[in-house]
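Chemist: Predicted model, plus sequence, below.
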Amino acid sequence: MKTRSHHIQDLISEGEHQTLDFKFEISDSRKIARSLAAFANTDGGRLLVGVKDNGTIAGVRSAEEIHMIEAAAEMYCQPPVDYNTKEWNVGGKAVLEVIIPKDLKDKHKAPDHEGHYKVFIRVADENLVADNVLVKVWQAEKYHHAAKITFSEAETLLLRYLTENQEITTKEFQQLAHIGKRKAEAILADFVSIGTLKLIQTSQGTTFKSNEKTD
């Protein structure tokens, strides 16, 4: 067990954010799988196990937690997530650092609250199910599918709308163009793929903005 405790204290001082999450304990491998997948799918990150949400060091309670992380990464992430661990002694208490690199090749799924496997992403300090449009963009990149922009009536309406409005949601685009959800998502994904639109996903939902506009 390493004793360079200032490393952990420096991380804790940052608070939870896009690449850092605190876990008081690991009691559910399925739940922790969502964190591992989200980090791997986004920017990579670290879990500090044995640290409360407020930054208080409680210490790792059981060696079983290491096995639960292993189960989360290998059994409940599809495909399995790569990670490594370091154990630190901070004031006589053990803190487990779980380091998850960003996966540049695959996107990982983990079970949601109902047990359905979904792709998760990390947004600020939250793990969110990736929007369908984002998943389509990733799939197009992975399989080198070229965007199909035909400037149909729906596409023209979308671009015209965004010259007069700040943003649009998938549902608003469906209603604007009188098209189904699948077609709306496909059109939005194509525009995101070629850089015309910017996808912004938060816990409140997903919106699309013109890349030519400034915030």
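Modeler: Thanks, I have it.
Chemist: What about residue 169, how many residues nearby?
Modeler: By other CB atoms under 10 Å, the residues close to residue 169 number 14. For the C-beta atoms, the positions are set from N, CA and C on the backbone; glycine is no exception.
Chemist: ok, for it, nearest residue in space, not its chain neighbours?
Modeler: In space, not counting the residues next to it along the chain, residue 169 is nearest to residue 207; the distance is 5.6 Å by CB to CB, 6 or more residues apart in numbering.
Chemist: Could you report the pLDDT at the one you found?
Modeler: Listed pLDDT for residue 207 reads 98.
Chemist: before we move on, what SS does it have?
Modeler: Secondary structure assignment for residue 207 (DSSP: H, G, I helix; E, B strand; the rest coil): strand.
Chemist: Burial check on it, number of neighbours?
Modeler: Other residues within reach of residue 207, judged by other CB under 10 Å, total 18.
Chemist: Show me what it bridges to in the sheet.
Modeler: According to DSSP bridges, the residues that bridge with residue 207 are residue 200.
Chemist: which residues are in contact with stretch 99-115?
Modeler: Outside of stretch 99-115, the residues within contact range by CB atoms under 8 Å, 6 or more residues apart in numbering are 30, 33-34, 36-47, 72, 76-79, 81-86, 117-120, 129-130, 135, 138.
Chemist: let's see 7 Å
Modeler: By CB atoms under 7 Å, 6 or more residues apart in numbering, the residues outside stretch 99-115 that reach it are 30, 33-34, 36-37, 39-46, 76-79, 81-84, 117-120, 129, 138.
Chemist: Filter those residues down to the ones in strands?
Modeler: In strands, judged by DSSP state E, the following of the contacts of stretch 99-115 are found: 45-46, 84, 117-120, 129.
Chemist: Buried ones only from the contacts of stretch 99-115, please, as a ChimeraX command.
Modeler: For selection in ChimeraX, the members of the contacts of stretch 99-115 meeting the burial criterion (16 or more other CB atoms under 10 Å) are listed in this command:
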select :30,33,34,36,37,39,40,41,42,44,45,46,76,77,78,81,83,118,119,120,129,138
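Chemist: And the pLDDT at the spatially most central residue of the chain?
Modeler: Most central in the chain under CA atoms, centre = their mean is residue 121, positioned 1.1 Å from the mean C-alpha point. What the model reports as pLDDT for residue 121 is 98.
Chemist: surely it meets residue 135?
Modeler: No. The pair residue 121 and residue 135 does not pass the contact test of CB atoms under 7 Å, sitting 9.8 Å apart.
Chemist: What segments of this protein are helices?
Modeler: Secondary structure of the chain, counting by DSSP state H: helices at 5-14, 29-41, 64-74, 132-142, 153-164, 170-177, 181-193.
Chemist: would you turn the ones you listed into TSV with mean pLDDT?
Modeler: Putting the helices of the chain into TSV (pLDDT from 0 to 100) gives the following:
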stretch	mean pLDDT
helix 5-14	92
helix 29-41	97
helix 64-74	95
helix 132-142	95
helix 153-164	97
helix 170-177	98
helix 181-193	97
